[in-house]
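Asks: Sequence plus the predicted model coming up.
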Amino acid sequence: MTYKAILFDLDGTLLDSAVHFHTILNRLAKKHDLKAPSETSVRSWASNGAAVMVEQCLEISANTEQHQSLCDEFLKLYDTEVHESCPLFDGVEALLRKLADKNIPLGIITNKGRRFYQHIEPQISEIAPIAIGITRDDVTEIKPNPEGLEICSKKLSVPPSDCLYIGDHKRDIDAAHNAQMPSAVANWGYLQPGDQPSQWNATHIFESPNDLMQFI
Ligand SMILES: O=C(O)COP(=O)(O)O
């Protein structure tokens, strides 16, 4: 492998956050007498943030008072959940340990807010040091804008062409293209029905964290 730094998306790539999201959405559904969402539906929308999950999984029209108040409740509950634990996908721990063993710098660029990321970072750092973590609060434009990826490349002093950005959403691959950085689809993540990652023009597609680990 020739890449000198590996950069990751968080939700749906390292973090199996749908586990928390499903619990929270079920709690909200019960409290407000709404239809409980299926795990499949939560998994397919989990990479799109709270507003989209409330809209799609609880079937609440966006830009309404009810939508806004359910989003606020969702984020409050998530704030508590992320303190507790952060479920990683199977194989991610071994993958991160291998990066650390090989002294390959690890970066994270997420559209998540720092308010949540700050609780997740120490749990990942226990496995492998994170050279840089960029959240939506650290950029003026979130992905697919390349800003977060460009900041990482500069701070690590590794040119974009020597970094690899891995994510489970088209906006991750688009962000890498916009930064002129090689990219990889995390095909184990939260793909939506109808997604065709083979059409996203990523440099690589990995089926599992273990596949990526073998590549490294
Ligand atoms: O929480 C979000 O909006 C998505 O976060 P991600 O960029 O880590 O997938």
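Replies: Ah, there it is.
Asks: what ranges do the strands span in the chain?
Replies: 5-8, 106-109, 132-134, 163-167, 183-186, 204-206 (DSSP state E).
Asks: Now look at the fourth one and say if it contacts the ligand.
Replies: No. Using CB under 6 Å from any ligand atom, strand 163-167 never reaches the ligand; the gap is at least 6.9 Å. Glycine gets a C-beta too; all of them are placed from N, C-alpha and C.
Asks: Next up, the contacts around Asp137.
Replies: By CB atoms under 8 Å, 6 or more residues apart in numbering, the contact set of Asp137 is Gly113, Arg114, Arg115.
Asks: Neighbours of the spatially closest residue to the last one that is not a sequence neighbour, how many?
Replies: This means Arg115. Among residues not flanking Arg115 along the chain, Asp79 sits closest, at 6.9 Å (CB to CB, 6 or more residues apart in numbering). Asp79: 13 surrounding residues under other CB atoms under 10 Å.
Asks: Hmm, Asp79 is touching Tyr117, no?
Replies: No. The criterion here is CB atoms under 8 Å, and Asp79 misses it with Tyr117 at 11.7 Å.
Asks: Now do stretch 174-189: distance to the chain's middle.
Replies: 12 Å (CA atoms, centre = their mean, to the nearest Å).
Asks: average model confidence for it?
Replies: Throughout stretch 174-189, pLDDT has a mean value of 98.
Asks: Report the buried residues of that stretch.
Replies: 174-179, 181-189 (16 or more other CB atoms under 10 Å).
Asks: repeat for stretch 3-23
Replies: So stretch 3-23, judged by 16+ other CB under 10 Å, has buried residues 3, 5-22.
Asks: near the ligand too, which of those residues?
Replies: Asp9, Leu10, Asp11, Gly12.
Asks: any chance of these in JSON lines, with pLDDT and distance to Gln214 too?
Replies: Converted to JSON lines, these look like this (pLDDT from 0 to 100; distance: CB to CB, whole Å):
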{"residue": "Asp9", "pLDDT": "98", "distance to Gln214": "20"}
{"residue": "Leu10", "pLDDT": "96", "distance to Gln214": "22"}
{"residue": "Asp11", "pLDDT": "93", "distance to Gln214": "24"}
{"residue": "Gly12", "pLDDT": "95", "distance to Gln214": "21"}
